[in-house]
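Asker: let me see the structure of the following:
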Amino acid sequence: MEFKSMEEFWPFYMKQHSKPATRRLHFISTLLSLPILIYALVFNWLFLFIVPFTSYGLAWYSHFYIEKNIPATFDYPLWSLLCDFKMFGFMLTGQMDKELKRLRKRQV
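Answerer: Below you'll find the model as predicted:
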């Protein structure tokens, strides 16, 4: 499947993250990785090597053991990263439920 924009990819991404536990673990992963990324950029670039483990560890666990699917990162790394931040933003601002309802209406 070929996606030409993030708007095309977003509904697919959300189907891959259909369970609340998966989205929560992605949120935690992103939240944990951000301070490490900032620390690496400001103080010690070697910490950049830790960021993928913190950001993907819990997220991939959620795909394999909760969603029971393959992470979209394997096929669409850039789209997945962008959508992960988009989902993080929706969750951080309390707008995730509203976005899920919008996507469901769009599918009908």
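Asker: quick check: next helix or strand after the longest helix along the chain?
Answerer: Criterion DSSP state H: the longest helix present in the chain is helix 20-42. Next helix or strand after helix 20-42 toward the C-terminus (DSSP states H and E): helix 51-61.
Asker: quick check: mean pLDDT of that next one?
Answerer: Mean pLDDT, helix 51-61: 90.
Asker: name the helices or strands packed onto it?
Answerer: Judged by 3 or more C-beta pairs under 8 Å, 6 or more residues apart in numbering; DSSP states H and E, helix 51-61 is in contact with helix 20-42. Every residue, glycine included, has its C-beta placed from N, CA and C.
Asker: name the helices or strands packed onto the helix it packs on?
Answerer: Short answer (3+ C-beta pairs under 8 Å, 6+ apart): helix 20-42 packs on helix 51-61, helix 77-92.
Asker: need the contact list for the residue nearest the centre of the chain.
Answerer: Centroid check for the chain by C-alpha atoms, centre = their mean gives Asp84 as the closest residue, at 2.6 Å. Contacts for Asp84 (C-beta atoms under 8 Å, 6 or more residues apart in numbering) come out as 26, 30, 59.
Asker: any idea how far it lies from Asn44?
Answerer: 24 Å (C-beta to C-beta, to the nearest Å).
Asker: Thr30 now?
Answerer: Thr30 sits 21 Å away from Asn44, taking C-beta to C-beta as the criterion.
Asker: these two: who's more crowded?
Answerer: Remark: of Thr30 and Asn44, Thr30 carries more neighbours, 22 against 9, as counted by other C-beta atoms under 10 Å.
Asker: my read: the more buried one touches Lys86, true?
Answerer: No. Applying C-beta atoms under 8 Å as the test, Thr30 and Lys86 come out as separate, 10.8 Å apart.
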